[in-house]
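Trainee: Mind looking at a prediction? Sequence and model below.
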Amino acid sequence: ATDRGEASELEAAVVAPEDAEPSLPKEGEASAATQPRLPPPLPYVHPSGCRKYLEAHVVPLLRRGMFEMVRELEADRLKLGSGADWTEDGYLPPGWKPFAPFRWLSNWLLEHAPPPTQQLSADGFSSYRADAKAELIFEALDASGSGALDVAEAAEKLKLDKAAVLAALADVGGAGEAPVSVGIDVFVSMLCSLVEQDQAYYADQAYRMDALLHAALGESLEQHCTCASEVYRLAYLHLDGGLGGYGCALPVREVVEMGERMRLDADAVEAALDAMATRRGGDGGGDRSNVLSVDEFVALMSELDAASGGGGSDDASRALLDAATAQAR
């Protein structure tokens, strides 16, 4: 009877899951239904232009600094073992501190790093090969890191003619139906082929690829500027793209307006424009055109910067990009 009574009590104690009263999760515990689902982390892809700069300038200096740090560490150990730092009473002098290798290395790197004017001597984005620019465009558009791009979405983002894109894909992949998505190799070949076929509208193929790069990266293209002329070129892309397209024919009024935003001397801007018109006209006199090409804009800004004594400083470059970005919006 006792066994039967204990069994009935146990059966009564068992409650079906659907009949159980809801209970709050314990502290630090979350149910599967309420726990937020986070997307997987995006894979990091190092930009090819940054890698080129690191290999050419940062890695050699860092390697040399680490060799010097090892030598300094060995010398400090020998000095400490010889007892040169110890007093006659057998104690270390007041204020003595052990050798800090990484602090010494950071100070050494600061002392031996080239000045800013030399740091900006590396090649900028405009000097990248066409295929390298196309790779950067692919990496920027492939935000999920899937390794494939939807052809229609890429064409819309870059403001490309879909018929021209399909024709370029046909040239790359041969006959057959155009793919819906492409990998980086096909995309690079397709984009380079498309730019080569676009000579009727863009005589400067390098600028055409720069325009596509700017359309994909936007303001983040600044990280690929390594000298003042690259900053001027990026500012031109901001202004030219803000007009609804990249025609490589920036109206002079846009330059004058940007000079006002930067509070440049209006007489100096007019003088620089007149000097450029004289050079453009040669011996036949001035040719004051209403538009400027990218090379003319870079030359104009370089002349204004030299006249103001800016020397391509970071502050002047920052002010220029801020003014161009604000005006493009």
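Mentor: Structure's in. What do you need?
Trainee: Point me to the helix or strand that includes the residue nearest to residue 184 when sequence neighbours are not counted.
Mentor: Leaving aside its sequence neighbours, residue 184 sits nearest to residue 138 (Cβ to Cβ, 6 or more residues apart in numbering; 4.9 Å). Quick note: C-beta positions are derived from backbone N, CA and C, even for glycine. Take DSSP states H and E as the rule and residue 138 turns out to sit in helix 130-141.
Trainee: Check what contacts that helix and list those residues.
Mentor: Helix 130-141 is contacted by residues 45, 47-49, 125, 128, 149, 153-154, 157-158, 184, 187-188, 191-192, 195, 205-206, 209-210, 212-213, 216-217, 220, 224 when judged by Cβ atoms under 8 Å, 6 or more residues apart in numbering.
Trainee: In helices only, show me those residues.
Mentor: Among the contacts of helix 130-141, the residues falling in helices (DSSP state H) are 48-49, 153-154, 157, 184, 187-188, 191-192, 195, 205-206, 209-210, 212-213, 216-217.
Trainee: Which among the residues you listed count as buried?
Mentor: Using 16 or more other Cβ atoms under 10 Å as the burial test, the ones in helices among the contacts of helix 130-141 include 48-49, 154, 157, 184, 187-188, 191-192, 195, 206, 209-210, 212-213, 216-217 as buried.
Trainee: does residue 142 really touch residue 148, like I thought?
Mentor: Yes - applying Cβ atoms under 8 Å as the test, residue 142 and residue 148 come out as touching, 7.4 Å apart.
Trainee: Which of the two has more residues huddled nearby?
Mentor: Between residue 142 and residue 148, residue 142 has the larger neighbour count (other Cβ atoms under 10 Å), namely 20 against 16.
Trainee: Give me the number of neighbouring residues for the residue lying closest to residue 328 once chain neighbours are set aside.
Mentor: Closest residue in space to residue 328, ignoring its immediate chain neighbours: residue 242 at 2.9 Å, by Cβ to Cβ, 6+ apart. For residue 242, the count of nearby residues is 15 (other Cβ under 10 Å).
Trainee: what does residue 211 give?
Mentor: Neighbour count for residue 211, taken as other Cβ under 10 Å: 23.
Trainee: That one: what's it in contact with?
Mentor: Taking Cβ under 8 Å, 6+ apart, one finds 237, 240, 241, 246, 248 in contact with residue 211.
Trainee: ok, now residue 231?
Mentor: 222, 225, 312, 317, 320, 321.
Trainee: Repeat the analysis, applying 6 Å as the threshold.
Mentor: Residues near residue 231 by Cβ atoms under 6 Å, 6 or more residues apart in numbering: 225, 317.
Trainee: 326 is where my numbering starts, stick with that
Mentor: Renumbered: residue one is now 326, and that last one reads residue 556.
Trainee: got the buried residues for the helix or strand hosting it?
Mentor: Here residue 556 sits within helix 553-567, counting by DSSP H and E. Applying a neighbour-count criterion of 16+ other Cβ under 10 Å, the buried positions in helix 553-567 are 553-566.
Trainee: would JSON lines of those with pLDDT be doable?
Mentor: Output for the buried residues of helix 553-567, formatted as JSON lines (pLDDT from 0 to 100):
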{"residue": "553", "pLDDT": "84"}
{"residue": "554", "pLDDT": "86"}
{"residue": "555", "pLDDT": "88"}
{"residue": "556", "pLDDT": "88"}
{"residue": "557", "pLDDT": "90"}
{"residue": "558", "pLDDT": "91"}
{"residue": "559", "pLDDT": "91"}
{"residue": "560", "pLDDT": "90"}
{"residue": "561", "pLDDT": "91"}
{"residue": "562", "pLDDT": "91"}
{"residue": "563", "pLDDT": "90"}
{"residue": "564", "pLDDT": "89"}
{"residue": "565", "pLDDT": "88"}
{"residue": "566", "pLDDT": "85"}
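Trainee: Now do the domain split for the chain, please.
Mentor: Domains of the chain are assigned by automatic domain parsing as 373-440, 452-542, 550-654.
Trainee: what's the model's confidence in the first one, averaged?
Mentor: Okay, so that is domain 373-440. Domain 373-440 carries an average pLDDT of 81.
Trainee: likewise stretch 454-461?
Mentor: pLDDT averaged over stretch 454-461 gives 89.
Trainee: Return the set of buried residues in that stretch.
Mentor: By neighbour count with 16+ other Cβ under 10 Å, stretch 454-461 contains the buried residues 455, 457, 458, 459, 460, 461.
Trainee: Output these as JSON lines; include the columns distance to residue 505.
Mentor: Output for the buried residues of stretch 454-461, formatted as JSON lines (distance: Cβ to Cβ, whole Å):
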{"residue": "455", "distance to residue 505": "25"}
{"residue": "457", "distance to residue 505": "26"}
{"residue": "458", "distance to residue 505": "24"}
{"residue": "459", "distance to residue 505": "19"}
{"residue": "460", "distance to residue 505": "21"}
{"residue": "461", "distance to residue 505": "23"}
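Trainee: before we move on, the earlier item: is it possible to get the buried residues of helix 553-567 out as CSV so that each row also shows distance to residue 397?
Mentor: CSV is the format used below for the buried residues of helix 553-567 (distance: Cβ to Cβ, whole Å):
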residue, distance to residue 397
553, 37
554, 39
555, 37
556, 38
557, 43
558, 43
559, 41
560, 44
561, 47
562, 46
563, 47
564, 51
565, 52
566, 51
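Trainee: Nothing else from me, thank you.
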